[in-house]
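In: Give me coordinates for this.
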Amino acid sequence: MMSRSSAPSIDPAKRLDALGLFLAGLINTFLALLVAALVLGPGAASVQPDLAARSLWIAAHPLRWQAGWLFWFAVTLSFAWSFFALGRNLGGAAPWRQLAIGLAIIAAAVDIVGVLVNLVVLPILAQARSTLPAEAALSLLAVFQAQEGLANALTNVAAFGLYSLAGILLLPACFATPTYPRILAWLGVAEWGIAVFATTLLVLAPAIAAVPLLISFFLYAPWVWGSAWWLLRQHP
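Out: Next comes the predicted model:
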């Protein structure tokens, strides 16, 4: 009978990778949606379609708006970390896994630029517009709209599209790893296939992209949590 002291221990590096995957699922699937709805909601186009009303709300609640976007650094970094934490433990051709991790890092960099536009530029424009006469405020509102569109293109389209492509590139490694559960590999196919479809809709028909985006978000947590469970079952 094997004694407790001789039982196989979990590799500390794998334990850290599993922690990263767990946090990524928690932050990106649940906390991000809560912050988006409860903290940033009134200043977001998905909740408040009127541009002027969004600008005035941000001008009236700058600290709340900035706190919400400060949290988005945790969203971005944990999402990118999950690709590294899983990718380095998979089998298959190393160049494809490395490319997936590299794309996730690039996506995080693009995402952070968009976050900074939301965090710094939009509150300044909103505050300035709220103090100007009507005609000047109307001109500044056009600048606000352009910067809001830039931030959305960076975070929701470019960065999310790169993350989705990185997920697709990880899938062959998932299937090439004998111990990786096939149900998780196929869940990854569903997750990143829907994510690519949602990104396409964000470019071509953003009005109908919400449903596939939400499905993609809710598939992400089971995928990374299942992958964390798989990692914790791997012994040296």
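In: okay, CA-based contacts and neighbour counts for the rest of this
Out: OK.
In: ok, now how distant is Val189 from Gly167?
Out: Going from Val189 to Gly167 by CA to CA, to the nearest Å gives 9 Å.
In: in this protein, which spans are helices?
Out: Listed in chain order, the helices of the chain (DSSP state H) span 12-25, 32-34, 51-60, 62-87, 94-116, 122-130, 134-152, 160-176, 182-204, 210-232.
In: Compute the inter-axis angle for the fifth one and helix 134-152.
Out: Angular relation of helix 94-116 and helix 134-152 on a 0 to 180 degree scale: 160 degrees, by axes from the mean of the first three to the mean of the last three CA atoms, to 10 degrees.
In: How about residues contacting helix 94-116?
Out: With contact meaning CA atoms under 8 Å, 6 or more residues apart in numbering, helix 94-116 is reached by 69, 72-73, 76-77, 80, 83-84, 87-88, 150-155, 158-160, 162-163, 165-167, 169-170, 173.
In: are any of the residues you listed buried, and which?
Out: 69, 72-73, 76-77, 80, 83-84, 87, 150-155, 158-160, 162-163, 165-167, 169-170, 173 (16 or more other CA atoms under 10 Å).
In: thinking again about what came up before, can you tell me which of the helices of the chain comes nearest to Ala45?
Out: Ala45 lies closest, by CA to CA, to one member of these: helix 51-60, at 7.4 Å.
In: Nearest spatial neighbour of Ala159, chain-adjacent residues omitted?
Out: Once flanking residues are discounted, Ala159 sits nearest to Ala107: 4.5 Å by CA to CA, 6 or more residues apart in numbering.
In: do Phe144 as well
Out: Nearest non-adjacent residue to Phe144 (CA to CA, 6+ apart): Leu125, at 6.0 Å.
In: count of residues packed around that neighbour?
Out: For Leu125, the neighbour count with other CA atoms under 10 Å is 20.
In: now swap in Leu99 and tell me
Out: Using other CA under 10 Å: Leu99 sits among 15 other residues.
In: Likewise for Gln48?
Out: Neighbour tally, Gln48, other CA under 10 Å: 14.
In: Settle this for me: it is touching Pro42, isn't it.
Out: Yes: using CA atoms under 8 Å, Gln48 is in contact with Pro42, at 5.8 Å.
In: Please enumerate the shared neighbours of those two.
Out: Common neighbours of Gln48 and Pro42, using CA under 8 Å, 6+ apart, are Arg54.
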